[in-house]
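Engineer: Build me a model from this:
(4 chains)
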2 protein chains.
Amino acid sequence: MQRPSEAVVDLWIRLNCAQRRLRANIEADLKKAGLPSLDWYSVLLHLKRVECGRLSPREIEEGLLFEQYNLSRLLDRMEKEGLVRRIPYPGDKRRQLIEITDKGRGLQKRMWLIYGAAIDRFLGARLDEGQVEQLSTLLSRL
Amino acid sequence: MQRPSEAVVDLWIRLNCAQRRLRANIEADLKKAGLPSLDWYSVLLHLKRVECGRLSPREIEEGLLFEQYNLSRLLDRMEKEGLVRRIPYPGDKRRQLIEITDKGRGLQKRMWLIYGAAIDRFLGARLDEGQVEQLSTLLSRL
DNA sequence: CTCTTTCTCATGCAATTGCATCAAATTTGA
DNA sequence: TCAAATTTGATGCAATTGCATGAGAAAGAG
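Structural biologist: Down below sits the predicted model:
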């Protein structure tokens, strides 16, 4: 097998750690504010970002790296809360489109207040502009 | 609230994405080889790295960012497989020590073959030495 | 001392995830 | 054209996780 160098292993540990820590921070803040989890936010934002506010489940899966069965059930819960709506896909009865509702847009905005602050506290406050750029570029190679 | 810049948000997305992708890759490889998950590996490695092969659950939790209740049950499963052993903590009957067994050490070694290869494929092969160093340094600020 | 608080770990129960598989619709290919 | 293969999404069931809480032991306060 290919043996990764000590430095590479160390990098993986740091990458893992940084991501988990930040994620845990964000989740804790959201929960404290009585808001749903980051997964819900990701879906809402992903939908909001496209002009028509609609995407197929498959597109969401791929964009967010979710499993098909998990997304299917997450959408069940979100639909039950009135945050998204399932609509038939014209011309293909297997497929569907997920559309964000006004209530979904509102929740996204409220969550962003907490979420954005957490990101800024963890990343923005610890890195200067150049470092953010540099880190971002390096990560984009992965 | 503190509004994070576009660049900072972008960085967070990349960080998240990179970590999730690599993790998913590793997990898939391990599963394909019929081996347990990364969490099991992390515990085994953490124990193996200390000279005596023993740590308290609390130390493992903090080192690996696990929840107390999750670790407690993960250790149940690992103990049932004979990979670790719970031993009483001298002088404090609340506490305990988790000790890695020979079988645990063996599994760690076998998992490393798969795990190490995946890390190298994803990180080592895509970054040169300087980039690994640079990325590692930047992440250590988080 | 002894009562309260804190610390360490476990556990019942509900929610979520993973796995395998299904059903329906479409596409492919002979 | 029609059976086989593929694509899309849903779901039953088992495993895992999250949450709240418990039990037992030690530490602290008076």
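
Engineer: ok, now which ones touch the residue most central in space within chain A?
Structural biologist: Chain A has A:S42 as the residue nearest its centroid, 3.2 Å off, counting by Cα atoms, centre = their mean. A:S42 sits next to A:L64 when contact means Cβ atoms under 8 Å, 6 or more residues apart in numbering or on different chains. Glycine gets a C-beta too; all of them are placed from N, C-alpha and C.

Engineer: for it, helix, strand, or coil?
Structural biologist: Of the three states, A:S42 takes helix under DSSP: H, G, I helix; E, B strand; the rest coil.

Engineer: now it: how far from DNA strand C?
Structural biologist: For A:S42, the distance to DNA strand C equals 11 Å [Cβ to the nearest atom of the strand, to the nearest Å].

Engineer: how about the least confident helix or strand in chain A by mean pLDDT: buried residues?
Structural biologist: Least confident helix or strand of chain A, by mean pLDDT, DSSP states H and E, is helix A:6-32 with a mean of 91. By 16 or more other Cβ atoms under 10 Å in any protein chain shown, the buried positions in helix A:6-32 come out as A:7-12, A:14-19, A:22-23, A:26-27, A:29-30.

Engineer: What is the burial count for A:E51?
Structural biologist: 6 (other Cβ atoms under 10 Å in any protein chain shown).

Engineer: what does A:F122 give?
Structural biologist: By other Cβ under 10 Å, the residues close to A:F122 number 20.

Engineer: Pull up the gap between the closest residue to it other than its chain neighbours and A:G124, please.
Structural biologist: Nearest non-adjacent residue to A:F122, counting by Cβ to Cβ, 6 or more residues apart in numbering or on different chains: A:L22, 4.9 Å away. For A:L22, the distance to A:G124 equals 12 Å [Cβ to Cβ, to the nearest Å].

Engineer: and A:L127, what does it touch?
Structural biologist: A:L135, B:L138, B:R141.

Engineer: repeat that for 10 Å
Structural biologist: A:E133, A:Q134, A:L135, A:S136, B:A7, B:V8, B:L11, B:L138, B:R141, B:L142 (Cβ atoms under 10 Å, 6 or more residues apart in numbering or on different chains).

Engineer: And the strands in chain A, which stretches?
Structural biologist: Along chain A, counting by DSSP state E, strands occupy A:54-55, A:84-88, A:96-100.

Engineer: Export those strands as a markdown table, with columns for distance to chain B.
Structural biologist: Converted to a markdown table, these look like this (distance: least, Cβ to the nearest Cβ, whole Å):
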| stretch | distance to chain B |
| --- | --- |
| strand A:54-55 | 17 |
| strand A:84-88 | 21 |
| strand A:96-100 | 19 |
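
Engineer: Columns mean neighbour count on top of the ones you listed, output as CSV?
Structural biologist: Shown next, in CSV, are the strands of chain A (neighbours: other Cβ atoms under 10 Å in any protein chain shown):
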stretch, mean neighbour count
strand A:54-55, 19
strand A:84-88, 16
strand A:96-100, 20
